[in-house]
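>>> next input, structure requested:
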Amino acid sequence: MKIMSIKITRLLMFGLLFATTNVSAKVTLPKFFSNGMVLQRETSANLWGMAKESSVVKITTSWDKKTYVAKSDSNGKWKTSLKTPEAGGPYQITLSDGEKTELNNILIGEVWVCSGQSNMEMPMKGYKNQPIENGQIDILHSTDNNLRLFTVKQNSQFAPVDTVRGSWREANPETVREFSATAYYFGRELRQMLDVPIGLIVAAWGGSACEAWMTPDWLKAFPDAKIPQSPEDITSKNRTPTVLYNGMLHPLIGISIRGVIWYQGEENVTRYSTYADMFTTMIAGWRSEWGEGDFPFYYCQIAPYDYKIIDYTVNSAFLREQQSRAEFMSDNIGMAVLMDAGLEYGIHPRKKNIAGQRLAMLALDNTYGIKGFKSKSAYYNDVTFKNDTAVVSFERADMWIYGENGYKSDLFEIAGEDKVFYPAKAWIDRSKVYVKSDSVAAPVAVRYAFKDWAQGDLFCDGLPVSSFRTDDWEE
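The predicted structure follows:
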């Protein structure tokens, strides 16, 4: 009985301690609202957290000395928005529900979410045996107190969660070494051109499927996506539908941002046929839940790579084609073509500086309105056949088409009614490409670089043209 009495006493004391701690707890916030963060400039920036239940939370911002008042609900949750000024800082935010919490070293600037699979996740240090081109020297020169980096720790969940793990870091060789290379080069370019603080939030997981970043509702149109009905149905932490939306994206939704950059698609190569529809459904879903309208969404087309190395039997050019189609299926999006930045024997290309820079060009042109350069690649528009010659025309080709090795291309094929493709001679005249093969007397279809691996040799205005085909054949 004495032992039982001691146990009961200890339980009562623990319960009292827990109740006291809960009542007197300071205001707490998600990890992305913390020291060193960047808030989106010139907007009503969302802020939320936990406090004592049914209490008044006072938030004071140092940039305008204004005090905002929010009331927590019966669970202690509260949310408000802060009017942010032009870019600047560092600033301070003070929060109190009777006990004070301070956030320091806050910058006001441009905030971007950076998501996808391994080519977004790949850090500046590279992977083992897989370096980043010029990575070491770029790491060495990376110190910039106005470039802030946040990496969401990988988290796969059956149901949506409200928290993430991670912390804000100022850019310097130590932090940049471990940070996404594509995102870093994107952010560095924005810093140089805009001269305002930049905040980058990376939520990426190597090998992740597009389906993993979507909700069950968004996936209803895609019956092949097997949505888990219980935790036991999660067969892959990064490929099972919905699990990364639940664990890594859902907690971020509501952060005031300028836009999103995305590098993903390799995992969906074998399921390419639905990718354009699925990807644009995902974009629409993210925008709807964020509630900030059609914010900019820029993405990388997957780079060429010999997928036979990993036993894929599907031509990845079909996935690149789907990504090209997606560019015209939604507003305020853009695709960075990487036909000249792949790696035949590696699925993780070294030229991440090109990927990041081209994403930045899309943003600087289409979001920030900087003039004097082109950010979007020319693309295939139409083909006509004149006897034994195909004439291919392009859009967005005001500066005309040119080849890597002069006014020709070595990557065209042509076919007749038998659907057998032969290597073709291709020569360029202004904004048209003429294609011919002695093996095809009456051509009906043309393909350019339409293979897993090809080093793109067709350009316009400094940007590569995507691989394309004029037919709709299944193979």
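>>> give me the most central residue, this structure.
Trp262 (2.1 Å; Cα atoms, centre = their mean).
>>> what separates Thr61 from Ser256, distance-wise?
To Ser256, Thr61 is 14 Å away according to Cβ to Cβ, to the nearest Å. Using the backbone N, CA and C atoms, a C-beta is placed for each residue, glycine as well.
>>> can you show me the helices along the stretch 151-300 of the chain?
173-177, 181-194, 243-244, 275-290 (DSSP state H, counting those that start in this stretch).
>>> now the stretch 301-450 of the chain
Using DSSP H, counting those that start in this stretch, helices in the stretch 301-450 of the chain cover 317-326, 352-366.
>>> quick one: buried residues of the last one?
This points to helix 352-366. Using 16 or more other Cβ atoms under 10 Å as the test for burial, helix 352-366 gives 352-366.
>>> with the first one instead?
Of the residues in helix 317-326, those scored as buried under the neighbour-count criterion (16+ other Cβ under 10 Å) are 317-324, 326.
>>> ok, of those residues, which one's closest to Trp473?
Nearest to Trp473 among the buried residues of helix 317-326, counting by Cβ to Cβ, is Phe318 at 10.8 Å.
>>> roughly how far does the closest one sit from Asp461?
27 Å.
>>> now do stretch 293-301: distance to the chain's middle.
8 Å (Cα atoms, centre = their mean, to the nearest Å).
>>> ends of it, what's the gap?
Start and end residues of stretch 293-301 are separated by 24 Å (Cα to Cα, to the nearest Å).
>>> pLDDT on it, on average?
Stretch 293-301 shows a mean pLDDT of 98.
>>> check which residues of it are buried.
Here stretch 293-301 shows 295-301 as buried, counting by 16+ other Cβ under 10 Å.
>>> want to throw these into TSV with distance to Val57?
Output for the buried residues of stretch 293-301, formatted as TSV (distance: Cβ to Cβ, whole Å):
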residue	distance to Val57
Phe295	28
Pro296	32
Phe297	33
Tyr298	36
Tyr299	38
Cys300	41
Gln301	45
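>>> quick check: the two most widely separated of those?
The span of the buried residues of stretch 293-301, defined through Cβ to Cβ, is set by Phe295 and Gln301 at 20.4 Å.
>>> ranges for the strands of the stretch 101-250 of the chain?
Here the stretch 101-250 of the chain has its strands, by DSSP state E, counting those that start in this stretch, at 144-151, 168-171, 198-204.
>>> check those strands for me and report the most buried one.
Comparing these by mean neighbour count (mean count of other Cβ atoms under 10 Å), strand 198-204 comes out on top with a mean of 26.
>>> end to end, how far does stretch 70-87 reach?
Using Cα to Cα, one end of stretch 70-87 lies 25 Å from the other.
>>> what's in contact with it?
Applying Cβ atoms under 8 Å, 6 or more residues apart in numbering, the contact partners of stretch 70-87 are 25, 39-57, 59, 61, 63-64, 66, 68-69, 93, 97, 107-110, 196-197, 254, 256.
>>> coming back round to it: Leu190: which of the buried residues of helix 352-366 is nearest?
Ala360 (5.7 Å).
>>> show me where the stretch 1-150 of the chain has its helices.
Going by DSSP H, counting those that start in this stretch, the stretch 1-150 of the chain shows helices at 2-24, 118-121, 135-140.
>>> weakest of those helices in terms of mean pLDDT?
When the helices of the stretch 1-150 of the chain are ranked by mean pLDDT, helix 2-24 comes last with a mean of 38.
>>> which residues touch the residue nearest to the centre of the chain?
114-116, 120, 297-300.
>>> so how far is Cys114 from it?
8 Å.
>>> common neighbours of the two, please.
Met120.
>>> what sits closest to Thr274 if chain neighbours are left out?
Of all residues not flanking Thr274 in the chain, Phe222 sits nearest, at 5.8 Å (Cβ to Cβ, 6 or more residues apart in numbering).
>>> before we move on, the earlier item: for Trp168, which of the helices of the stretch 301-450 of the chain is the nearest?
helix 352-366 (19.8 Å).
>>> what mean pLDDT does the closest one get?
98.
>>> could you say what helices and strands it packs with?
Counting contacts by 3 or more Cβ pairs under 8 Å, 6 or more residues apart in numbering; DSSP states H and E, helix 352-366 is packed against helix 181-194, strand 259-263, strand 297-300, strand 333-336.
>>> turn the ones you listed into JSON lines, including distance to Ala426.
Converted to JSON lines, the helices and strands packed on helix 352-366 look like this (distance: least, Cβ to Cβ, whole Å):
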{"stretch": "helix 181-194", "distance to Ala426": "31"}
{"stretch": "strand 259-263", "distance to Ala426": "30"}
{"stretch": "strand 297-300", "distance to Ala426": "26"}
{"stretch": "strand 333-336", "distance to Ala426": "23"}
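>>> distance to Lys31 for the contacts of Trp262 - can I get that in a markdown table?
Listed next are the contacts of Trp262 as a markdown table, based on distance: Cβ to Cβ, whole Å:
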| residue | distance to Lys31 |
| --- | --- |
| Cys114 | 17 |
| Ser115 | 17 |
| Gly116 | 21 |
| Met120 | 20 |
| Phe297 | 24 |
| Tyr298 | 26 |
| Tyr299 | 26 |
| Cys300 | 27 |
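>>> which two from the residues you listed end up farthest apart in space?
Met120 and Phe297 (13.6 Å).
>>> now for those two: what residues contact both?
Joint contacts of Met120 and Phe297 (Cβ under 8 Å, 6+ apart) are 261-262.
>>> quick one: contacts for the closest residue to Trp168 other than its chain neighbours?
Excluding the flanking residues, the one nearest Trp168 by Cβ to Cβ, 6+ apart is Gly36, at 3.8 Å. Going by Cβ under 8 Å, 6+ apart, Gly36 touches 104-106, 148, 167-170.
>>> tell me the one among these nearest to Phe450.
Proximity of those to Phe450 (Cβ to Cβ) peaks at Arg148, which lies at 41.2 Å.
>>> distance of that closest one from Glu321?
Distance from Arg148 to Glu321, by Cβ to Cβ: 37 Å.
>>> kindly report the same for Ser34.
In this view, Ser34 and Glu321 are 42 Å apart by Cβ to Cβ.
>>> where does pLDDT dip in the protein?
1-25 (pLDDT under 70).
>>> change it to 80
1-25, 475 (pLDDT under 80).
>>> let's verify the nearest residue to Tyr402 once chain neighbours are set aside: helix, strand, or coil?
For Tyr402, ignoring the flanking residues on the chain, the nearest one in space by Cβ to Cβ, 6+ apart is Phe459 at 5.7 Å. What DSSP: H, G, I helix; E, B strand; the rest coil gives for Phe459 is strand.
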